[in-house]
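**Q** All I have is the shape, not the residue letters:
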C-alpha cells in the first residue's frame, strides 16, 4: 500500500453523539484526467467509511470495520471501471487500517484518508465464450464486450449470462457455465477472458404439479395458464404462462420451480405453488375542480366469485358535486354512473377473457341531459403484456334532452378497443408511449340512425438525466363521428372541449357547436393536444408547466370552421405510495373567457395523462 498526493475530494461531517469523525478525504494519483471523475465516483460509492458521513455508523468500532472492508470494496469498484492493478491505502488517524490489530481497534477515530493509485486501465484482449447456439454463432454477444474495449468487470458476468440465456432460448433449460479463465496481462494492459459453457440436451416441458392454499380448481388453473406440456422448453413461454395466472388478480402468491434433473424422455417437470389473495377488495378516488366541483368514485371487487377465478367489479361515481350550473336551462348538475363487469379468464383460449357488462349513466351536463343504459358481452385478447384488444356487443337505450329537443335512442352497439402501453410507470411515466384506439359502431333500432364513433389517444414521454428528473410529456387526442347526423347522434357520443380531461383553464365543456336556437351541442369531431414539462425539485416534490389546446368541429373531421380554445398553467406534484398528488392552476389563453380572465384549480391523484 502507498499514500498518494494531490487532494481530489474532501467531505466534512458533524459528528453525532457517539462518533468523533470529522472528515473522510479521498486522494487519487497517477490517473489521466479523462478517467478522474469516474474513479472518484467509484471510490465514493464503494467506500462505507465515506458514506458514513451521511449515514453515521453506531460506533467507532463499526467505523474501523467499515474502513478495513473498504479495501476489497474499492478494488471491486475499480475493476468495474477497468483498472486491475490498483494500490490502495486507508489511513485511520495516520495509521494504515490493515496494520491495526483487529482485537485492539482505535477507541476514537477523527480522520480517515483514502489514497488510491488505480494504475493503468485495461482493455479486453482475447475473448472466448463458447460454445454458442448455431443460430447465434458469428454475432456479437454483448455490446462493449469486444476486443479493444474497456475491460469492465461487470461486462464479463453479463456476457456469461447472455450466453446462458441464448442456450435457454434454444430449449436447453439446464445449460451451465463450465471452466472459466480470466487473465490480466500487466505488460500489455489487456484482460483475456475464456468462458466455457455446458449446454446439456434440448428439453421439452413435462408435467405440471399444482399445490397451495386455494379454492380455484386444478382444471381452471390449467385452462387459465395454458401450460405448454410437450413443447420445446422456452423461458418466454414459461413466463407467459405464469403471467396469465398472475393477471387474474386472484392469487397473492404465484411461484414456479423446475425439477433439478430432467426425465429420461427429455422432459422437465414443474411445480406451481398458489396462495389466494383475500377474495374481496374495495377502493375509492376523489378529484376536485373549482369549476366542475368534486368527483367521487368507488369500487367493490370479488376476485373469485364462482371458484374459477371470475372477477366481479362493481363501480359507482358521482361527478360535478358543487360545480357551476350553466348552459341549457341553467342546468349542469351532478352526473351519476354505476357499472358492473364480470370477467372469466382463460375462456376460448388461455389469452382470452370473456366478460359481461352493464352500465347506467345519468348525465346532467351544461348542454344536455341523457339517461342511458347499456349492457352486453365481449372478449378481451392479450397479445402481449403490453398489447391488448377488446371486442364486445350489446344494446344501448337512452332518453335525451338537448339543443335539438327531447328524443329517445335505441342502438345495437359494438364497443371495441386496442391498447398498446409501453410506459415505464402507468401512473407517473418517465419513458415510453401509450396508444389507445376506441371504435364503437352503432346500428339504429326503431328509427335511430346508424354510425360509428372513433377515438385515438396518443401519449409519449421522455426523461432526461440519469435519474430522469426532467420529463417531457405530450398527448394528442382525436375523435370522429361518421354516419349519423349531428341531431341524430346520442349527445354522450358527441365531443366537447374544456375542463380537466381536455383543456385545463377553460370552463367544463365550454366549447361545442352553437345551434341556430342559441343553444350548444357537441361536435362530430375533436382534436386535442397537451404538452407538459415535469421537473422533480427535491425528494418527492415536483413542478409542472403545461399547455392544452382543443378543437371541436360540426363535421366528421376538423376543418377551418372548427372552434378553438386553449389553456395553460402551472402545477405541483407530491409523490405518494398511491401515485403523485396533482395540484394544477390553469387559465384560459384564447378568446373563450379572455386571456388570464380566470384561474381554475384541479386536484387529483396521478399525472394528468
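**A** Received, thanks. A quick note: this is a predicted structure, and the numbers were derived from the prediction, not measured.
**Q** What residues are bridge-paired with residue 358?
**A** residue 340, residue 375 (DSSP bridges).
**Q** In this structure it contacts residue 372, no?
**A** No: shown here, residue 358 and residue 372 do not form a contact pair, counting by C-beta atoms under 8 Å, at 11.4 Å. (C-beta placed from N, C-alpha, C; glycine too.)
**Q** Please say which of those two ends up with more neighbours.
**A** Neighbours were counted for residue 358 and for residue 372 using other C-beta atoms under 10 Å; residue 372 has more, 19 against 15.
**Q** I'd like to know how many residues surround the nearest residue to that one once chain neighbours are set aside.
**A** Using C-beta to C-beta, 6 or more residues apart in numbering and skipping the chain neighbours, the partner closest in space to residue 372 is residue 398 (3.7 Å). Look at residue 398: counted by other C-beta under 10 Å, it has 21 neighbours.
**Q** And the strands in the stretch 351-500 of the chain?
**A** Here the stretch 351-500 of the chain has its strands, by DSSP state E, counting those that start in this stretch, at 352-365, 368-384, 387-402, 405-413, 416-421, 432-444, 451-464, 470-482.
**Q** will you turn these into a markdown table that also has distance to residue 585?
**A** Formatted as a markdown table, these follow (distance: least, C-beta to C-beta, whole Å):
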| stretch | distance to residue 585 |
| --- | --- |
| strand 352-365 | 24 |
| strand 368-384 | 29 |
| strand 387-402 | 32 |
| strand 405-413 | 39 |
| strand 416-421 | 29 |
| strand 432-444 | 26 |
| strand 451-464 | 22 |
| strand 470-482 | 18 |
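**Q** Between those, which one is closest to residue 174.
**A** For the strands of the stretch 351-500 of the chain, distance to residue 174 was read as C-beta to C-beta. The smallest value, 27.5 Å, belongs to strand 368-384.
**Q** elements contacting the closest one?
**A** If contacts are counted by 3 or more C-beta pairs under 8 Å, 6 or more residues apart in numbering; DSSP states H and E, strand 368-384 sits against strand 352-365, strand 387-402.
**Q** rerun that using 10 Å as the cut-off
**A** Strand 368-384 sits against helix 235-246, strand 335-344, strand 352-365, strand 387-402, strand 405-413, strand 416-421, with contacts defined as 3 or more C-beta pairs under 10 Å, 6 or more residues apart in numbering; DSSP states H and E.
**Q** Report the buried residues of the second one.
**A** Within strand 335-344, the residues that qualify as buried by neighbour count (16 or more other C-beta atoms under 10 Å) are 335-337, 339, 341-344.
**Q** Ok, the third one next?
**A** Along strand 352-365, the positions that meet the burial threshold by neighbour count (16+ other C-beta under 10 Å) are 353-355, 357, 359, 361-365.
**Q** The fourth one now?
**A** Residues 388, 390, 392, 394, 396, 398, 400-402 are the ones in strand 387-402 that count as buried (16+ other C-beta under 10 Å).
**Q** What distance do you get for the closest residue to residue 282 other than its chain neighbours to residue 283?
**A** Among residues not flanking residue 282 along the chain, residue 300 sits closest, at 4.8 Å (C-beta to C-beta, 6+ apart). Per C-beta to C-beta, to the nearest Å, residue 300 is found 9 Å from residue 283.
**Q** does residue 601 have beta-bridge partners, and which?
**A** residue 585.
**Q** who's in contact with it?
**A** 288-291, 504, 569, 571, 583-586 (C-beta atoms under 10 Å, 6 or more residues apart in numbering).
**Q** Which member of those is positioned nearest residue 309?
**A** Using C-beta to C-beta, the contacts of residue 601 come closest to residue 309 at residue 288, 36.7 Å.
**Q** Could you measure from residue 307 over to residue 529?
**A** From residue 307 to residue 529 the distance is 48 Å (C-beta to C-beta).
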